[in-house]
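Below is the structure, and that's it, no one-letter string:
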C-alpha cells in the first residue's frame, strides 16, 4: 500500500497500483513498483507500514488511520483494537471444548453398543482409561475457561510454553488432550 502525502498530511491511499494524476501530471500504474523510493518521494508517494493485525478470535479491529512520519519518510497505519466480549468467548470455547471431547469419545461408542448386545465382549481397559482421561481433561479445560476473569487470562489458555532453546515444553491447556495412540485400533 502507498499514500499520497502533501504538506505532511496523508491525502490519499492506494491499495493497489493504478494510474494516478498528481499536480496535473498523469503517472502510470507501474510508478508504485518501478520508481525508486526517491523518485516516488519527489511526487509525494510513500510506502505504508501496516500495523500487525490483532487476533480476530480475541479482538475486533477498528477503522484504519494513516499518519506521515516526517523523520522516517513513511506512512504508518494505526487502528483501534477492541476486545471481544469475554463472557461470550468463554461460552463459545466451553461449547467447542465439549464438542471436541464428544468427538474424541464418539469414535469408541461402538464398543459400548457391542457390550450392550453381547456382554461377553467387554470394552478394553485402555479405551475406558482413554475415555475417562478425555472427560477429565474436558472438565479441566472448561474449569480453566470459567476461571479466566480477564482477556489476558483467557488468552494464556491458548499459549504454549517454550524452553530456552525455543522448543515447545508444554502444550497450551486448551489443546492438551490425551494421546490416543494406544487406542487407535479401536476407532471407528
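Perfect, thanks for sending it. Fair warning: this is a prediction, and the values are worked out from it, not measured in the lab.

OK, contacts around residue 9?
When contacts are counted by Cβ atoms under 8 Å, 6 or more residues apart in numbering, residue 9 touches residue 68. Just so you know, the C-beta spots here come from the backbone N, C-alpha and C atoms, and that holds for glycine as well.

Is the residue positioned nearest the centre of the chain in a helix, a strand, or coil?
When Cα atoms, centre = their mean is applied to the chain, the residue found nearest the centroid is residue 55 (4.7 Å). Under DSSP: H, G, I helix; E, B strand; the rest coil, the three-state class of residue 55 is coil.

roughly how far apart are it and residue 153?
15 Å (Cβ to Cβ, to the nearest Å).

what's the answer for residue 142, then?
In terms of Cβ to Cβ, residue 142 sits 15 Å off from residue 153.

Kindly report the same for residue 65.
30 Å.

What about the residue nearest to residue 43 when sequence neighbours are not counted? Give its phi and psi, please.
Nearest residue to residue 43 in three dimensions, chain neighbours excluded: residue 22, at 5.4 Å (Cβ to Cβ, 6 or more residues apart in numbering). Torsion angles at residue 22 (phi, psi; degrees, to the nearest 10) stand at phi -130, psi 130.

Spit out the contact partners of residue 68.
Contacts of residue 68 by Cβ under 8 Å, 6+ apart are 3, 5, 8, 9, 10, 46, 74, 75.

likewise residue 153?
So residue 153 contacts residue 147 (Cβ under 8 Å, 6+ apart).

Could you tell me what pLDDT the model assigned to it?
In this model, residue 153 is scored at 97, pLDDT.

could you say which helix or strand contains it?
helix 151-156 (DSSP states H and E).

Please spell out which residues along that helix are buried.
Across helix 151-156, burial judged by 16 or more other Cβ atoms under 10 Å covers 154, 155.

Just give me how far it sits from the chain centre.
13 Å (Cα atoms, centre = their mean, to the nearest Å).

Which helix or strand lies directly C-terminal to it?
With DSSP H and E, the next secondary element past helix 151-156 is strand 161-162.

Adjacent strands (with direction) for that following strand?
Its sheet considered, strand 161-162 pairs with strand 168-170 (antiparallel) by DSSP bridges.

In the strand it pairs with, which residues are buried?
Applying 16+ other Cβ under 10 Å to strand 168-170 flags no residue as buried.

what's the burial count for residue 127?
21 (other Cβ atoms under 10 Å).

Make sure I have this right: it is in a strand.
No - residue state for residue 127 (three-state DSSP) corresponds to helix; a strand is not indicated.

wait, isn't it in contact with residue 184?
No - assessed by Cβ atoms under 8 Å, residue 127 is found out of contact with residue 184, at 10.5 Å.
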